[in-house]
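Colleague: Take a look and give me a structure for this.
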Amino acid sequence: MLTATLTSIVSFAFVLGVLVVVHEAGHFAMAKRIGVRAIRFSVGYPPKIWGIRRGETEYSIGAIPFGGYVRMLGNEIGEDPKSEVPVEDSELSLYLHEIGHDLIGAAREHGTIAADIGYEPGLHAIAERLGAGASGANEEARAALGRELHVDEAILLNEIRDAGGVEAAIKHLAGKPPRALTEAYDRRAFPTQPLGRRALVILAGPMANLLFAPILLTAVYMLGVPRPLPVVGKLDEKLPAYAAGVRAGDTILSIDGQPVKYWDDVSRTIKQGDGSPLKLEIDRKQNNADQHLTIIVQPAKRELKTLVGKKLTWVIGIMASESAEITERYGPIGAMKEAVTTSADMTVQFVESIGTIITGQVPVRDALGGPIMIAQMAGKEVHQGYADFALFMVMLSLELGIINLLPVPLLDGGHLLFFAFEGVRGKPLALRSREMILQVGLFLLVALMAFVIFNDISRIVQG
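Modeller: Next comes the predicted model:
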């Protein structure tokens with residue numbers, strides 16, 4: 001029991017970590033592509049338990065594992081750098097501190113300052129080394145930093161020399177920024193980007209999850225996928241197949257004249273039928289002899305549990321044999337085609353499932369599962385083999401991408417909805433209005449998380 005629980009937890013953490021990295025990498029890559037400054041890339045939420053800075057970005061791991069984020073310059077809801085907030089807490093102040101880190105990182109890399117020197121003494125040393133009136137064409141800057149000095153960096157270093165201290169310089173510049181500094185900030189901040197660019201950054205997260213699914217599946221199909229053969233294993237004696245004469249060990253050759261190669265073909269044909277009698281051609285080994293049988297089975301409609309609740313479908317009461325399967329491997333092109341088809345089918349099924357929840361066809365209590373259920377499923381799938389575990393990850397990646405596109409505050413779709421309003425109105429919603437909507441969204445998401453966790457616990461208690 002303890003081993004199974006530990007496996008579930010580790011599997012869940014792995015799946016969640018991969019999918020969060022994929023999602024946030026989409027935002028991150030697009031932000032970098034259009035020139036937005038990404039300050040932090042975090043897997044998990046604060047408090048931070050580990051972090052390392054590379055270039056302009058700090059990569060970190062948070063103690064709260066349910067998600068992740070990319071912190072871009074400028075608040076997500078859109079703060080003007082001159083807004084009525086304390087100077088030391090403003091985005092422009094943060095930007096100036098980040099510029100300082102850029103300078104120190106470049107100077108350390110080129111041996112201009114010691115690797116263990118602190119932030120403030122390091123900036124003082126760089127400011128003194130480059131001298132007054134430093135500019136982008138300064139040869140001394142190339143020698144000290146390995147590149148030309150940027151305009152905003154020159155402004156900061158000159159102010160440090162004039163003010164005599166780093167914090168004093170940053171406070172003065174953040175309170176009374178020169179035009180060149182605000183222009184540099186606007187070029188790198190997220191809220192000041194054109195509407196289309198902001199939408200691309202937000203959309204890139206869900207799209208990364210949707211694209212990850214066929215990419216992962218392509219690799220799986222190339223490595224090889226276990227495919228159950230159309231051999232009958234267990235039967236439900238209360239359902240039509242047993243009554244019609246189907247027995248364990250029978251190999252189904254065709255249904256209604258259509259040859260079947262794998263068990264998936266059998267399952268799909270039965271479930272997608274219209275309830276008409278099915279003509280099964282069967283090969284049966286009996287007394288060391290092969291018997292060819294034709295059996296007519298009348299499907300029955302039953303309520304089956306699925307990942308998104310219960311649904312009515314046609315069944316005849318047969319299950320695949322666990323011992324009859326082959327490993328099928330695809331070439332690159334075939335694997336890609338199969339991966340795209342499978343991903344598209346799963347996406348359609350999930351969208352349809354959301355529709356059944358919205359219309360009330362499937363009770364919310366039956367449809368929704370939380371982290372406990374996902375962890376249980378992850379633990380189960382990892383024991384089934386890499387293909388089943390990868391397919392489970394593909395399913396979650398698609399679901400994460402689609403759910404994030406829903407127009408719900410705090411989700412990516414909620415931000416896109418704000419952008420749609422901005423496009424129609426010609427200006428953003430008032431800051432106060434956005435804050436109130438986001439607070440409502442946070443309350444709803446917390447309530448939803450509490451509900452699904454309670455739902456998971458109820459399932460365990462009820463067996």
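Colleague: Domain-wise, how is this structure divided?
Modeller: For the chain, automatic domain parsing gives the domain ranges 2-35+196-220+376-462, 87-189, 227-328.
Colleague: Need those domains in a markdown table (columns: mean neighbour count).
Modeller: The C-beta positions use only the backbone N, C-alpha and C, and glycine is treated the same way. Below are the domains of the chain laid out as a markdown table (neighbours: other CB atoms under 10 Å):
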| stretch | mean neighbour count |
| --- | --- |
| domain 2-35+196-220+376-462 | 17 |
| domain 87-189 | 17 |
| domain 227-328 | 15 |
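Colleague: With distance to residue 334 and mean pLDDT added, can I get those in CSV?
Modeller: Listed next are the domains of the chain as CSV, based on distance: least, CB to CB, whole Å; pLDDT from 0 to 100:
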stretch, distance to residue 334, mean pLDDT
domain 2-35+196-220+376-462, 10, 81
domain 87-189, 44, 86
domain 227-328, 10, 85
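Colleague: Which among those domains is found nearest to residue 50?
Modeller: Of all the domains of the chain, domain 2-35+196-220+376-462 sits nearest to residue 50, with 13.3 Å by CB to CB.
Colleague: hang on, the earlier thing: of all the domains of the chain, which one is nearest residue 338?
Modeller: Nearest to residue 338 among the domains of the chain is domain 2-35+196-220+376-462 (7.4 Å), distances taken as CB to CB.
Colleague: on that earlier part again, tabulate the domains of the chain in a markdown table, adding columns for distance to residue 346.
Modeller: Listed next are the domains of the chain as a markdown table, based on distance: least, CB to CB, whole Å:
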| stretch | distance to residue 346 |
| --- | --- |
| domain 2-35+196-220+376-462 | 6 |
| domain 87-189 | 38 |
| domain 227-328 | 10 |
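Colleague: of those, which approaches residue 339 most closely?
Modeller: Closest approach to residue 339 among the domains of the chain (CB to CB): domain 2-35+196-220+376-462, 3.5 Å.
Colleague: Distance check, residue 182 against residue 93.
Modeller: Going from residue 182 to residue 93 by CB to CB, to the nearest Å gives 13 Å.
Colleague: just residue 440 next, same as before
Modeller: Counting by CB to CB, the gap from residue 440 to residue 93 is 30 Å.
Colleague: All the helices of the stretch 301-450 of the chain, residue numbers only.
Modeller: Secondary structure of the stretch 301-450 of the chain by DSSP state H, counting those that start in this stretch: the helices cover 332-358, 364-367, 371-384, 386-404, 412-425, 431-462.
Colleague: picking that back up, of the domains of the chain, give the one that comes closest to residue 350.
Modeller: When these are compared by CB to CB, domain 2-35+196-220+376-462 sits nearest residue 350, at 5.7 Å.
Colleague: Compute the distance from the centre of that closest one to the centre of its chain.
Modeller: Relative to the chain's own centre, domain 2-35+196-220+376-462 is displaced by 5 Å; criterion: CA atoms, centre = their mean, to the nearest Å.
Colleague: what do you get for stretch 90-101?
Modeller: Per CA atoms, centre = their mean, the centroid offset for stretch 90-101 relative to its chain is 29 Å.
Colleague: Could you export it as PDB, CA atoms only?
Modeller: Provided in PDB are the C-alpha atoms of stretch 90-101 (Å, rounded to 0.1, in the frame of the first residue of the first chain):
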ATOM      1  CA  SER A  90       7.000  49.900  -8.600                       C
ATOM      2  CA  GLU A  91       7.700  47.900 -11.800                       C
ATOM      3  CA  LEU A  92      10.200  50.500 -12.900                       C
ATOM      4  CA  SER A  93      12.100  50.000  -9.700                       C
ATOM      5  CA  LEU A  94      12.100  46.300 -10.300                       C
ATOM      6  CA  TYR A  95      13.300  46.900 -13.900                       C
ATOM      7  CA  LEU A  96      16.200  49.000 -12.600                       C
ATOM      8  CA  HIS A  97      17.200  46.200 -10.200                       C
ATOM      9  CA  GLU A  98      17.100  43.700 -13.000                       C
ATOM     10  CA  ILE A  99      19.300  46.000 -15.200                       C
ATOM     11  CA  GLY A 100      21.800  46.000 -12.300                       C
ATOM     12  CA  HIS A 101      21.800  42.200 -12.300                       C
END
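Colleague: tell me which element residue 67 falls in.
Modeller: Assigned by DSSP states H and E, residue 67 belongs to strand 57-72.
Colleague: Tell me the helix or strand right after that strand.
Modeller: Where DSSP H and E defines the elements, the next helix or strand beyond strand 57-72 is helix 91-109.
Colleague: List the contacts of residue 20.
Modeller: Applying CB atoms under 8 Å, 6 or more residues apart in numbering, we find residue 20 in contact with 43, 44, 67, 68.
Colleague: which SS state does residue 247 fall under?
Modeller: Following DSSP: H, G, I helix; E, B strand; the rest coil, the label given to residue 247 is coil.
Colleague: now do the one 5 residues further on
Modeller: Taking three-state DSSP as the rule, one finds residue 252 in the strand state.
Colleague: Mind picking the two most distant members of the contacts of residue 20?
Modeller: By the measure CB to CB, 43 and 67 form the most distant pair in those, at 8.5 Å.
Colleague: which of those two has more neighbours?
Modeller: Neighbour count, other CB atoms under 10 Å: between residue 43 and residue 67, residue 43 has more, with 19 against 15.
Colleague: Nearest residue to that one in space, ignoring adjacent ones along the chain?
Modeller: Counting by CB to CB, 6 or more residues apart in numbering, residue 68 is the residue found nearest to residue 43 once chain neighbours are left out, at 4.5 Å.
Colleague: Could you check how far the closest residue to residue 225 other than its chain neighbours is from residue 185?
Modeller: Excluding the flanking residues, the one nearest residue 225 by CB to CB, 6+ apart is residue 387, at 5.0 Å. Counting by CB to CB, the separation of residue 387 from residue 185 is 49 Å.
Colleague: got it, and residue 70?
Modeller: For residue 70, the distance to residue 185 (CB to CB) stands at 18 Å.
Colleague: can you list contacts of the strand holding residue 67?
Modeller: Contact partners of strand 57-72, identified using CB under 8 Å, 6+ apart, comprise 13, 16-17, 20-21, 23-24, 27-28, 31, 36-53, 189-190, 201, 371.
Colleague: okay, the angle between that strand and helix 91-109?
Modeller: Going by axes from the mean of the first three to the mean of the last three CA atoms, to 10 degrees, strand 57-72 is angled at 160 degrees with respect to helix 91-109.
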